[in-house]
Structure formats: C-alpha cells, structure tokens
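K.L.:
Structure here, sequence nowhere to be found:
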C-alpha cells in the first residue's frame, strides 16, 4: 500500500486507525474554538442538549472575540457576555476578549497551535492554521458543541492535491499576488473538500505572514485545508510560544495524491481580484485608474506586522498623504502586532497620512464592522472575500496586497506602488 499524505498521517495519529482518503474516522481534538460570531449559538446548543454537564477538557477550549471588537450593538454585547459566563461556569481559561485580535492569529501567538494538531472552530477560515501544518477546520454549531462535550468528532479523510510552485518574483509582488495567481489558475470544482499541500522554493521562502496569507484563502479555493510544511525558523517560533520543541508532519515519499499540479510564478506581477469574486483576477495595470472611495489594510489575510510595514513604507514613499476623498482603515491582526507597529512608528505614519487605525480584530471582513460601504462605494481591501453586498448593498470590493492598497489610498484610484 502507498504511503500517506499529511492529512492521512494526522488523522491516523488522532484516530488510532489507518486513515486513508475517503475513510470516515473518529478523531481526538486538540482544541475546540468559538468566536463571538457563532460562539453564542454553540453555548445555547450545549446547554440545551447537555444542561450543566462539564465540558470534556476546559484547557482545550478557547473563545476569541474578534467579530465586533468591542461590541457596537446590544445584541452582540449580550452574545459576548453569554460566552464569558459559560467560560466562568465551566472553568475555561482561554478567553481572548475584544482587546486580543483575530482568533487564529492569537492562538498561534499563544502557542496553542502545533503542527499535526486537530483543531475545530466556528470560523470558515479556521483552516488558515494549515500555514503551520495544523489540520484546522470550521464547523457548525452542533459539531462544535459535541466537540466540547466529548473531545472527539468524525471526519471524512480528504483526498490530497499536491501543488508545487517554481520560479522567482520580486517586490512589489507578494504572497497575496501568489495566492491570487493560484486562484486564477485552478479549477475549483477539483479542489472541493480537498487537502492541498504547497511546495517549491516560492513557498519555502515565505515568512509566517506570507504563509498565513496563502493559507487564509484556501477557503476561497473550496479546499478543506491547505498545508505548508513549517521550516526550522517557523518551528522555532512555534516551539518558543508553546514552550516545547515541535516537529513538522511530512508526507511519505510514496504518498498517493489525487492530482499533482505545478505552476511557474517567474516574474509574477501585482494582481487584483475584481468584483464580485476572489477568483476574478486581473493584473493591477489592467484596472489601474479605477476611482476608489475606501481602502482597508488588515484582516486574517494581511494584518501582520510585515503587511502593515509594507503599507507604511509605500505611503511614505508616495508622499505620505491619503487622497482627500479616500477613507483608509488600518487594522492590526492582534495586540502583539499592534504593539510592534507602535514601536516601529507605523501608527504615526498612518495617522499623519490621514488613516484611521482601529482596534485589532477582523474589521472590514463583513458588514458587522465600522467602515461599511454606501451604495456605489468602491473599496480596495487586503481581505479574502469580495462577494456582492458583503460590505454594503450596491458597493464593490477589490482584493489586493498591502503595497497596492496603500498606493491606491494615496492616488485615490487603483494604482501600483511607485
């Protein structure tokens, strides 16, 4: 029999079975997470079905408040309060409140995500943690409540597609452009519920921020999980946070893949996803000059310090001022990122440029945040989704990397960085 892919190895380890693509296995969980969006429903479902029954392991449950941080309507405030009360009642210590930031990023920074782990959550982008080799996935209310109760869930083992990149590219192209390039090339009917494994020198050279960018858009590729094998630098970073040494889960040399794809990204140029789909990708130069009303720099896709630093450098290099008719919203992913940005002087650059720097969190990913769009508004965002109406009925959103977003804020129209 052939060797195993990464997902087959992880689910074999966690189920005690010889897990192969297509099998259904019951696997032990390492962590079960809820956000303030979706989390209150899990609390209600748990109490409805199980009453006061203790959770399976309080140390392996986490709550993250990043949807509305802090709450701006009473309904959300009540929902967040319900989660806090549940945590107190059941002795759950890992509650990352509205001052913490984007849940997955916060869990990473606190050493709660390890290569080879199995993590579930109420966020459709939970799978971005595949950036460090963790099998993490979003689930519905009932599944997460069951996970809280038992610490186990069943999974259908996904088939795996191996994706290898070759070639080199230079600034201003970035990990976001690599990601948009892939979205423009793949047939998403082939990636539904697939595990994707990413390889090649362009992948090996990505920083943690770049890996998170790519992995955070696997959902938009219809994939179940996207694995990027952590290099030693990433393993050292995770190990320092976790307080112990960690190892990567590697596929066997004779692993059986559903398909193997190869893409050449030599000379990659800045790309942009046009309305109203993340795979409606074009070179930035083809839509340059399109007037915009708002620019957002942040999200789980491009909210790390490196992303903010690139944006600040572009702002300074192009005159240091946002166009008068443009609203620029900058949101760091986490408190740790925010502090690093403050210490590096990035907040001063953004504020002097005319930007609004908001509390760490998801911010302009959905319509639930400040900064939503009016009918007819056009946004350039570093986020991962630009579906029609997601940020306001009758508005349009483009997706790009931080350099293009910052240049666009200065020029007031879609632009390449100078």
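P.N.:
On my side now, so go ahead. Quantities reported herein were computed from a predicted structural model and do not represent experimental measurements.
K.L.:
Which parts of the stretch 101-250 of the chain are strands?
P.N.:
118-121, 135-138, 152-156, 160-166, 195-199, 225-228 (DSSP state E, counting those that start in this stretch).
K.L.:
Looking at those, which one is packed in the most?
P.N.:
Counting by mean count of other CB atoms under 10 Å, strand 225-228 has the highest mean neighbour count of the strands of the stretch 101-250 of the chain, with a mean of 27. Where you see a C-beta, it was placed from the backbone N, CA and C, and this is true even at glycine.
K.L.:
What is that one packed up against?
P.N.:
The helices and strands touching strand 225-228, judged by 3 or more CB pairs under 8 Å, 6 or more residues apart in numbering; DSSP states H and E, are helix 6-15, strand 135-138, strand 195-199, helix 208-215.
K.L.:
any residues touching it, and which ones?
P.N.:
Residues outside strand 225-228 that contact it (CB atoms under 8 Å, 6 or more residues apart in numbering): 6-7, 127, 130-133, 135-137, 158, 195-198, 203, 206, 211, 214-215, 218.
K.L.:
Redo the strands of the stretch 101-250 of the chain as CSV? Include distance to residue 319 and mean pLDDT.
P.N.:
Compiled in CSV, the strands of the stretch 101-250 of the chain are given as follows (distance: least, CB to CB, whole Å; pLDDT from 0 to 100):
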stretch, distance to residue 319, mean pLDDT
strand 118-121, 42, 98
strand 135-138, 41, 97
strand 152-156, 52, 97
strand 160-166, 35, 98
strand 195-199, 37, 98
strand 225-228, 36, 98
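K.L.:
Reformat the ones you listed as TSV; add distance to residue 370.
P.N.:
Below are the strands of the stretch 101-250 of the chain laid out as TSV (distance: least, CB to CB, whole Å):
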stretch	distance to residue 370
strand 118-121	24
strand 135-138	25
strand 152-156	36
strand 160-166	37
strand 195-199	34
strand 225-228	31
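K.L.:
Out of the ones you listed, the one nearest residue 394 is which?
P.N.:
With distances scored as CB to CB, the stretch of the strands of the stretch 101-250 of the chain nearest to residue 394 is strand 135-138 (28.6 Å).
K.L.:
how distant is the closest one from the center of its chain?
P.N.:
11 Å (CA atoms, centre = their mean, to the nearest Å).
K.L.:
That strand pairs with which strands?
P.N.:
Its sheet considered, strand 135-138 pairs with strand 118-121 (parallel) by DSSP bridges.
K.L.:
Give me the contacts around the partner strand.
P.N.:
10-11, 14, 27-35, 103-104, 107, 113, 126, 129, 134-139, 143-144, 147, 153.
K.L.:
that older thread, the helices and strands packed on strand 225-228: which one's closest to residue 164?
P.N.:
Between residue 164 and these, the tightest spacing by CB to CB is seen for strand 195-199, at 4.6 Å.
K.L.:
what does that closest one contact?
P.N.:
With CB under 8 Å, 6+ apart as the criterion, strand 195-199 contacts 5-7, 158-165, 214, 218, 221, 223-229, 251, 257.
K.L.:
cutoff 7 Å now
P.N.:
With contact meaning CB atoms under 7 Å, 6 or more residues apart in numbering, strand 195-199 is reached by 5-7, 158, 160-164, 214, 218, 223-228, 251.
K.L.:
Give me the sheet partners of that strand and which way each runs.
P.N.:
strand 160-166 (parallel), strand 225-228 (parallel).
K.L.:
check contacts around the closest residue to residue 229 other than its chain neighbours.
P.N.:
In this structure, residue 229 finds its nearest non-sequential neighbour in residue 248, 5.3 Å apart by CB to CB, 6 or more residues apart in numbering. With contact set as CB under 7 Å, 6+ apart, residue 248 has these partners: 115, 133, 229, 230, 235.
K.L.:
pLDDT score assigned to residue 248?
P.N.:
Looking at residue 248, its pLDDT is 97.
K.L.:
returning to that earlier point: mind giving me JSON lines with the helices and strands packed on strand 225-228 and columns for distance to residue 53?
P.N.:
Below are the helices and strands packed on strand 225-228 laid out as JSON lines (distance: least, CB to CB, whole Å):
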{"stretch": "helix 6-15", "distance to residue 53": "23"}
{"stretch": "strand 135-138", "distance to residue 53": "24"}
{"stretch": "strand 195-199", "distance to residue 53": "33"}
{"stretch": "helix 208-215", "distance to residue 53": "35"}
